[in-house]
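> based on what follows, work out the 3D shape:
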Amino acid sequence: MLIDTHCHLSCEYYDNIDEVIRENRESGVSKIIISGCDKKGIEEAILYSKKYDDVFVTIGYHPEEVDRVSDEDIWELKSLIENNKKIVGIGEIGLDYYYEKDKRNEQISLFEKQLQLAEELGMPVVIHSREAVKDTIDTLKKYKVKGVIHCFSGSLETAEIYIKMGYKLGIGGVVTFKNSKLGEVLEKVGLDNLVLETDSPYLAPVPFRGKQNSSKYLKYIAKEVANRCCVDVDLVIEKTGQNAIDTFDLK
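This is a model prediction of the structure:
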């Protein structure tokens, strides 16, 4: 089952959402999980999950939202999750030191509040980590949660740490890039530890690099993973699909 575990489906990026969903289905994508990671995105993602049977949602506040999120907003997440079975995780949440280096403590505080909520509700998390590997790992170790490391592109050593902690690695279009060393990591960690994602509309895989991404291109990522792991693409689709179902308890 071909499942896109992380995308940003929004009218901000796509002119016709019905057409996007149709194209996804025609390309063999069985389910998608939209990441709602700010207030507007959360609201829109939930609307699509109600409209389309094959659309699921994770909700949570991206670290770039750190100045716009209150404790009341965190508790609102809890209410939304408890009243909507199509919300299957909390994310994307985490740390991003690329732009906001002076907000590290504030980001960690927001991250911990959402990890605490995930632990309380028994929900998987989707983790964003950019130039913050050590702080991300140190923070995650404080909580009994599991989930997916979104857009993983790190070293084998880092991959093994996350896997030992119970996380799957989210593999997207970066694996198809010529200068990516991610394929070398995949050869070592194996399919049991992977899920597929597009992060659309960003990070389109080759041969669409630089263009608007879409879940319909997920098969190109699956083919490259198969090539790197020296297995049949159908096995990649089967294994990563089941990993996604198990991680997010997809029905």
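> going by C-alpha atoms from here, please, whenever you check contacts or count neighbours.
Will do.
> which residues does the lowest-mean-pLDDT helix or strand in the chain contact?
Scoring the helices and strands of the chain by mean pLDDT, DSSP states H and E places helix 182-189 at the bottom, with a mean of 92. Helix 182-189 is contacted by residues 153, 154, 155, 156, 159, 160, 174, 175, 225, 228, 229 when judged by CA atoms under 8 Å, 6 or more residues apart in numbering.
> using JSON lines, please lay out the residues you listed together with neighbour count and pLDDT.
Below are the contacts of helix 182-189 laid out as JSON lines (neighbours: other CA atoms under 10 Å; pLDDT from 0 to 100):
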{"residue": "153", "neighbour count": "21", "pLDDT": "94"}
{"residue": "154", "neighbour count": "13", "pLDDT": "94"}
{"residue": "155", "neighbour count": "12", "pLDDT": "95"}
{"residue": "156", "neighbour count": "17", "pLDDT": "97"}
{"residue": "159", "neighbour count": "22", "pLDDT": "98"}
{"residue": "160", "neighbour count": "17", "pLDDT": "97"}
{"residue": "174", "neighbour count": "22", "pLDDT": "97"}
{"residue": "175", "neighbour count": "25", "pLDDT": "97"}
{"residue": "225", "neighbour count": "28", "pLDDT": "97"}
{"residue": "228", "neighbour count": "17", "pLDDT": "93"}
{"residue": "229", "neighbour count": "20", "pLDDT": "94"}
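> in strands, which of those fall?
Among the contacts of helix 182-189, DSSP state E puts none in strands.
> the stretch 51-200 of the chain: strands as residue ranges?
55-59, 87-96, 125-130, 147-149, 168-171, 194-196 (DSSP state E, counting those that start in this stretch).
> among the ones you listed, which is nearest residue 204?
Nearest to residue 204 among the strands of the stretch 51-200 of the chain is strand 168-171; the distance by CA to CA comes to 12.1 Å.
> on contacts alone, who are the packing partners of that closest one?
strand 147-149, helix 156-164, strand 194-196 (3 or more CA pairs under 8 Å, 6 or more residues apart in numbering; DSSP states H and E).
> next up, the contacts around residue 100.
By CA under 8 Å, 6+ apart, the neighbours of residue 100 are residue 64.
> heads up, I number from 384, so please use that
Yep, numbering from 384; the last one is residue 483 now.
> if I look at it, how far off is residue 494?
Going from residue 483 to residue 494 by CA to CA, to the nearest Å gives 14 Å.
> returning to what we had before: turn the helices and strands packed on strand 551-554 into JSON lines, columns for distance to residue 512.
Shown next, in JSON lines, are the helices and strands packed on strand 551-554 (distance: least, CA to CA, whole Å):
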{"stretch": "strand 530-532", "distance to residue 512": "8"}
{"stretch": "helix 539-547", "distance to residue 512": "12"}
{"stretch": "strand 577-579", "distance to residue 512": "17"}
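> tell me which of these sits most buried.
Neighbour counts (mean count of other CA atoms under 10 Å) averaged over each of the helices and strands packed on strand 551-554 peak at strand 577-579, with a mean of 28.
> as PDB, could you dump the C-alpha coordinates of the single longest helix found in the chain?
Secondary structure of the chain per DSSP state H: the longest helix is helix 487-504. C-alpha atoms of helix 487-504 as PDB (Å, rounded to 0.1, in the frame of the first residue of the first chain):
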ATOM      1  CA  ARG A 487      16.300  27.700  21.400                       C
ATOM      2  CA  ASN A 488      14.900  27.600  24.900                       C
ATOM      3  CA  GLU A 489      11.400  28.700  23.700                       C
ATOM      4  CA  GLN A 490      11.400  26.100  21.000                       C
ATOM      5  CA  ILE A 491      12.400  23.300  23.500                       C
ATOM      6  CA  SER A 492       9.600  24.400  25.800                       C
ATOM      7  CA  LEU A 493       7.000  24.300  23.000                       C
ATOM      8  CA  PHE A 494       8.400  20.900  21.900                       C
ATOM      9  CA  GLU A 495       8.200  19.500  25.400                       C
ATOM     10  CA  LYS A 496       4.600  20.600  25.900                       C
ATOM     11  CA  GLN A 497       3.500  18.800  22.800                       C
ATOM     12  CA  LEU A 498       5.600  15.700  23.600                       C
ATOM     13  CA  GLN A 499       3.900  15.600  27.000                       C
ATOM     14  CA  LEU A 500       0.500  15.800  25.300                       C
ATOM     15  CA  ALA A 501       1.500  13.000  23.000                       C
ATOM     16  CA  GLU A 502       2.600  10.800  25.900                       C
ATOM     17  CA  GLU A 503      -0.600  11.600  27.800                       C
ATOM     18  CA  LEU A 504      -2.800  10.600  24.800                       C
END
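> nothing else from me, thank you.
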